[in-house]
Structure formats: C-alpha cells, structure tokens
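Predicted model and sequence follow; I will ask about them next.
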Amino acid sequence: MMPDSEPAIIFDGVSKIYADGTAAVDRLNLAVPSARLTVFVGSSGSGKTTALRMINRMVEPTAGTITVDGADVAGVNPVRLRLGIGYVIQQGGLMPHLRVIDNVATVPVLRGQSRRVARKAAYEVLERVGLDPKLAGRYPAQLSGGEQQRVGVARALAADPPILLMDEPFSAVDPVVRNELQNEILRLQSELRKTIVFVTHDIDEALKLADRVAVFKGGALQQCDEPERLLSHPANDFVARFIGLGRGYRWLQLIDANGLPLHDIEMISAEKLSAAALADGWALIVDAAGAPTAWIDAEGLRRHHAGAPLSDTSCGVGSLFRPNGNLSHALDSALSSPSGIGVAVDDAGKAIGGIRAADVLAAVDAKRGC
C-alpha cells in the first residue's frame, strides 16, 4: 500500500444538475492525492468526465465546493485557473494552423513568456515525451495519431503545471499505439510526479495506470481505491460486474513477486548431457552461459543416451520468470513448465532457481488476509 499523500484536489458535496433535472454528478465527496495518478472510470453518462471538467471550471458545479491546492476554484479566475492546469483530450486537441513547436509553446506564451524562450523549452518537452525534434516544424495533419497525442501531452506539460487533467486521451488511437502511450505516461509520471486525473471508460487502462481508481455510475461515486484493493474487495455488485471476468487474474498482475522462494533445480550443461545421469524427476538443460534451453526427465535422458535426438526427448522450458515480476508472471511460469517448476532467470538470462505454483497461491492467501 502506498504512503498517504496530501490531497491536491478535494470535491466536497459537489453536484452538477442540468436544467432538465439530470444529475450528471451527485454529491461527490472525493480527495485526489497529490503527486499521484487517479483514474476516473465508468461507462458513458457515469459522471466521470463532468467531474474532471469541474476541476478547471469548464463545467460549473450546481452545488458543493472544489478546492485545488487549498483554494476554492469558484474564487479563481477561470482563465488563470486553466493556464495553471495541464489539459489533454482525445487526438491532442491541437490547433491545426500552428506548427508543432508553437502548439507546445502556447500556454507558456499565454502566461507571458517570450516566444523565443517558450519555443526553446518546447523543444526540450518534445524530447521528454519521446518525439523527434525534427517534427517541431510540421503541422498536426502531418503527424500520426500517436504523434499528435504525444504533442498534446507535451503541450500540457510545457508550463510545468503541478496538475494534469487527461480526458480519455488515448481512446482514438489503435491498441498498439495506446499501449505505447500508456507506458510513456507511466515513465513520465515516475520522473515528474504530477497530480494527474485521468478519465477512461476502459477498466484495464485504469488498472494499468492508476495509483487510485474512482469508479462512477449514474453520477455517483461507487468506490475509490488502489487497483489491488479494488480487485480484491469490490465495494458492491456494480463494481464487481464493471471489473468483469478475470478479476483474479488482473489482481495477480498488480502484486509483485518479491519474497517468493526460489527452489533449487537440478541443472545439466548441454555440453555434458551425454555423460549425465538422472535417476528420476526432471533436470533443466542449460547452455554454456547458464541460460535454460529445455527440460528433460529421466526417461527422456535414457532415450537420448540410446540415440534418440534431443528434440524428441526433451520439452520446452515454458515461460521464464524474473524475480522483479508479478505473481501472474510467477504462476504462468510454474503452470507452463512441464516439470511443474517455473524457471527463474536473472537479468542476463541465467537460470537461478525455480518457482512453484503452491508458493504463488500461498502468497495470494497472505495478501488476501491483509
């Protein structure tokens, strides 16, 4: 469990009710921690986007108070408020008539910075989000969808705001690019430690990115918790259904495997296989560098000594496990191994021990007891 963080954004009894009586957000009480990534997730009409847009007063609440860094936003000039908060939307929301460099420099210039200084800083931000500075002179229409979205992130970061709002920023790109952008956000957040509020309808995206996940339904907050807690202890039937099938598997992906015991494995060097002896059980065949190449059992070794090719007498290694992985990786390694023992390797790929499924399940039981 992460250490407590002071809230950067507080919703206190916040509602948004439209003229026809529709409650887009209903009495929301929520503290968004500083320097954390909080994801608002829910289906269409759940209130997640309305809640986000009330933070920078793009939508005005009907009732309640929103404070940002201790100040009631109702008393802050909305333009000044927005210039101090980064904002990213679908497809970047870039201005098509401006080149990339001027799109990124927009907010610093609006805040009074000279264009020359703002452009210089913009080049640095482009590199930080993984874009080639050569793209700076292009127009948005000349970029791919993924590049446009990275420019949108760069623009939001250009003035170095403490808070970043991201409204379904990756929903319009293909799954491969989406995964790359998600990884980029995680990398940037590990470096910058911004307060990020991220809206999505995709529970998998929420679980991957979030320090905390807030689940909305019909304008009401159903649960706000760390991903691990959300998966292991959903607050109600709606949250359990929204997370969907495979909840346990997703939960395993969030639990690191630190502390799992590594068991000794009998290993045979491929160079010495012809002279090796194995009374029973399994042995792991390794190459000269200690990297695993195959499993072989006693019967397979006898057949190989009798002249059968190794390809016919051995079995694949299965999924390899690295000790900095998660419990899902560990369990997959154990279950995919013909010997029932998953192979753990170090960063160089050398076999260092074995993982048993029973140990993974014991770790799961211990976690559930928390």
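It's in.

residue ranges with poor pLDDT in the chain?
1-5, 245, 368-370 (pLDDT under 70).

Which helix runs longest in the chain?
Taking DSSP state H as the criterion, the chain has its longest helix at helix 175-192.

now the following helix or strand past it against helix 175-192, angle please.
Downstream of helix 175-192, the next assigned helix or strand under DSSP states H and E is strand 195-200. Interaxial angle, strand 195-200 versus helix 175-192 (axes from the mean of the first three to the mean of the last three Cα atoms, to 10 degrees): 170 degrees.

Run through the residues that contact Met267.
By Cβ atoms under 8 Å, 6 or more residues apart in numbering, Met267 lies in contact with 283-286, 290, 351. Every residue, glycine included, has its C-beta placed from N, CA and C.

So which of these belong to strands?
Secondary structure from DSSP state E places 283-286, 351 of those in strands.

Grab the two from those residues that are most spread out in space.
Taking Cβ to Cβ as the measure, the ones in strands among the contacts of Met267 span a maximum distance of 11.3 Å, between Ala283 and Ala351.

shared neighbours of these two, anything?
265, 267.

Quick check: Leu230 vs Leu207, distance?
Leu230 sits 8 Å away from Leu207, going by Cβ to Cβ, to the nearest Å.

of those two, who's got more company?
The residue with more neighbours, out of Leu230 and Leu207, is Leu230; 29 against 20, by other Cβ atoms under 10 Å.

In three-state terms, how would the closest residue to the more buried one other than its chain neighbours be classified?
Leaving aside its chain neighbours, Leu230 sits nearest to Val213 (5.3 Å; criterion: Cβ to Cβ, 6 or more residues apart in numbering). Three-state call for Val213 (DSSP: H, G, I helix; E, B strand; the rest coil): strand.

which stretches of the stretch 101-250 of the chain form strands?
With strands called from DSSP state E, counting those that start in this stretch, the stretch 101-250 of the chain shows them at 163-167, 195-200, 212-217, 220-225.

can you pull the contacts of the closest residue to Ser46 other than its chain neighbours?
In this structure, Ser46 finds its nearest non-sequential neighbour in Phe216, 3.9 Å apart by Cβ to Cβ, 6+ apart. The contact partners of Phe216, by Cβ under 8 Å, 6+ apart, come to 40-42, 46-48, 51, 222.

just the buried members of the contacts of Met267?
Among these, the ones that count as buried by 16 or more other Cβ atoms under 10 Å are 283-286, 351.

Let me have those residues in a markdown table, extended by distance to Leu98.
Formatted as a markdown table, the buried ones among the contacts of Met267 follow (distance: Cβ to Cβ, whole Å):
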| residue | distance to Leu98 |
| --- | --- |
| Ala283 | 65 |
| Leu284 | 59 |
| Ile285 | 60 |
| Val286 | 58 |
| Ala351 | 55 |
